[in-house]
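Participant: here is the input, now give the coordinates:
(2 chains)
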Amino acid sequence: MKRLIDALAAAALLPSFLAPGFAAAKPIAFAHGTTVMGEYGAGTMEELQVFYAPRYFYSVGGGHLALDSDIDGRSRDITYARFNYLVKRWNREGSQANVFAWGGAGNANVSESSDDQFTWNAGFQLDYETRRLYASLKSDLYESSAFSHRIDTLQLGIAPYEHEYDGVATWLVVQGRRYTGEIFDGTETAILLRVFKGAVWVEAGATMDGKLQAMFMINF
Amino acid sequence: MFNSILVSGVLLLAATVAEANTIEMKVNGLVCAFCARGIEKTFHKNPAVADVVVSLEDKLVAVQMMEGTDISDQELRATLTDAGYDIKAIERTETPVTAIRERLKGSAK
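Facilitator: Just a heads-up that it's a prediction; the model follows:
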């Protein structure tokens, strides 16, 4: 219980810590837009990504992903370049849905052998949102000769009120995440509070075992 | 005779100056303020645009143009597509964006 309280307290402090510098987690913002995203995933993963979109349907950029096994302590440090593509978008009067796909390649440092490996990456994201409901499913695969890890993330969100363009948006989000390749056993479930205003997006919360789960994104 | 023509001309000019040149667009997919930042950003890059207002509630994007300027429907659709959205309808009005902003505030209460 104390761990949960500590994690929630840290989560509550995180937005004020991040806001001065940084915050749909979508890999493509808008034409000529830049997206910066960072995530702290309960001590199991940390990721920082930067993408620029020359057109509304694709973006290019890169990122760094650190995976730390909750099972046996093995770790991977993956640095990659990536191409993101908007496969399909549905704009309706009160909703938007998207299908994104991406692929990339880079370098991974593997803790067991302490050497560097070529790694490639592929993934997709399906999302649907109205002003009150949000759902997304993301799957991200990292492969090298030394490992294969897939990270599947499902998020379901509900907004207690309909935000306006110049107002503060608040969402309550439940996240479920599964890893393959001996990173985490079972489903890592987290409850998150998501807040965004203007170009800054911040979400923070805790997993069921009291670990901090947080993310920020900015579009400019 | 000359005086009356002059007065009419001045009145016509004054009326033209007073009328705003606004484009109101009904937009599909407008559900997230964070994702819609690109609309404002793109329109503000256009030197012919004087003011922009976005309303998620009314699914509306309104752009006030500088006097004597316009944006073609084709360019408007391309701009909204680049921002991630689809235009459902375009209407040119004489309502200033400040008045639309006040109207939106009133309807939100």
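
Participant: neighbours around residue A:25, how many?
Facilitator: 18 (other C-beta atoms under 10 Å in any protein chain shown). For glycine as for every other residue, the C-beta is placed from the backbone atoms N, C-alpha and C.

Participant: so how far is residue A:134 from it?
Facilitator: Using C-beta to C-beta, to the nearest Å, residue A:25 is found at 10 Å from residue A:134.

Participant: strands of chain B, start to end?
Facilitator: Assigned by DSSP state E, chain B shows strands spanning B:22-28, B:49-55, B:60-65, B:86-93.

Participant: out of those strands, which one sits most buried?
Facilitator: Among the strands of chain B, strand B:60-65 has the highest mean neighbour count (mean count of other C-beta atoms under 10 Å in any protein chain shown), at a mean of 22.

Participant: sheet partners, orientation included, of that one?
Facilitator: In the sheet, strand B:60-65 lines up against strand B:22-28 (antiparallel), strand B:49-55 (antiparallel) (DSSP bridges).

Participant: what's that strand in contact with?
Facilitator: Applying C-beta atoms under 8 Å, 6 or more residues apart in numbering or on different chains, the external contacts of strand B:60-65 come out as B:20-27, B:30, B:39, B:43, B:48-55, B:71, B:80, B:96-97, B:100, B:104.

Participant: and if you look at stretch B:73-82?
Facilitator: If you take C-beta under 8 Å, 6+ apart as the criterion, stretch B:73-82 is touched by A:30-32, A:55-56, B:23, B:25, B:27, B:38-39, B:42-43, B:61, B:71, B:86-87, B:90.

Participant: I'd assumed residue A:184 was in contact with residue A:149.
Facilitator: No: Residue A:149 lies out of contact with residue A:184 (C-beta atoms under 8 Å); the separation is 10.2 Å.

Participant: flag every residue of chain B that's near chain A.
Facilitator: B:27-29, B:31-39, B:41-42, B:54-57, B:59, B:81-86, B:88, B:108 (C-beta under 8 Å from any C-beta of the partner chain).

Participant: just the buried residues of those.
Facilitator: The neighbour-count test (16 or more other C-beta atoms under 10 Å in any protein chain shown) marks B:27-29, B:31-39, B:41-42, B:54-56, B:59, B:81-86, B:88 as buried among the residues of chain B next to chain A.

Participant: all helices for the chain, in order.
Facilitator: Because you didn't say which chain, this covers chain A. A:2-18 (DSSP state H).

Participant: chain B, not that one
Facilitator: B:2-18, B:37-45, B:73-83, B:97-108.
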